[in-house]
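A.B. asks: I need the structure of the sequence given here:
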Amino acid sequence: MLDGKRVSVVIPAYNEEKRLPSVLDRIPDFIDEVVVVDDGSSDGTYGVARAFSERDPRIKAIRLERNCGKGCAMRRGVEEASGDVIVFIDADGQHRPDEIIKLVEPIVRGEADLVIGARKVEEAGKRPLHRRISNILTTRLIRLKLGRYVYDTQSGFRAYRREFLPEIESDRYEVETEMLLKAAKMGARIKEVPVGMIYDPSREGRFGVRDVFRFIRAYLRF
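C.D. replies: Here you go, the predicted model:
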């Protein structure tokens, strides 16, 4: 089915001891490797990841001593990942691991080098107005720079062909913007596939004004 390609999943995690188990429990059998990077959590996230790694040899648990951001954790995860295809999925359960195959198959078939899971909010409440507006603005700016239409430029649920996985320089949430712009410059064929999203309002406090300025900096830089 996967033409001999090894598939690695990288999961950056920060204070997700309650939600991480539901993600790890549903990792598909075809996945060869799972790298969970605890980004200096103050709860039991690392302990959860470590317990799963003791039961499933595919899972590797890594702990960063201090919280350095999503991009930082993703960068560390990539250093440990050995797959031909690298998948990124969040630890909070907003995405369904059983949909990973939808991201991987176009790469295996030679149709794409980067596949983005385009989100449709389905459950647990809708995103607030300010988040929807910020997503619209950032998405339109990125489309302008790319010179092409991408529906969900900020989705963190993605798969990259190893050869088109860019070096990660950003430390925080601007990482998705950086990686998309860099992959496009590398000539990556970009494809989107529809995926579900379970929106959790309790996560809203993690994205702040500073992240808006970080996005602008990344947009201008890359």
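A.B. asks: Based on its surroundings, how many neighbours for the residue nearest to Ile101 when sequence neighbours are not counted?
C.D. replies: Nearest residue to Ile101, sequence neighbours excluded (C-beta to C-beta, 6 or more residues apart in numbering): Pro28, at 6.5 Å. Heads up, the C-betas are built off the backbone N, CA and C, glycines and all. If you count neighbours by other C-beta atoms under 10 Å, Pro28 ends up with 13.
A.B. asks: okay but Ile107 is in contact with Arg161, surely?
C.D. replies: Yes: assessed by C-beta atoms under 8 Å, Ile107 is found in contact with Arg161 at 5.1 Å.
A.B. asks: What segments of the chain are strands?
C.D. replies: Along the chain, the segments classed as strands by DSSP state E run 7-13, 33-39, 59-64, 85-88, 114-123, 158-161, 190-198.
A.B. asks: Columns mean pLDDT and distance to Tyr173 on top of those strands, output as TSV?
C.D. replies: Listed next are those as TSV, based on pLDDT from 0 to 100; distance: least, C-beta to C-beta, whole Å:
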stretch	mean pLDDT	distance to Tyr173
strand 7-13	98	11
strand 33-39	98	12
strand 59-64	98	16
strand 85-88	98	13
strand 114-123	79	15
strand 158-161	98	14
strand 190-198	93	16
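A.B. asks: Reformat those as a markdown table; add mean neighbour count and distance to Asp152.
C.D. replies: Converted to a markdown table, the strands of the chain look like this (neighbours: other C-beta atoms under 10 Å; distance: least, C-beta to C-beta, whole Å):
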| stretch | mean neighbour count | distance to Asp152 |
| --- | --- | --- |
| strand 7-13 | 26 | 18 |
| strand 33-39 | 26 | 23 |
| strand 59-64 | 19 | 28 |
| strand 85-88 | 26 | 14 |
| strand 114-123 | 19 | 4 |
| strand 158-161 | 25 | 10 |
| strand 190-198 | 17 | 7 |
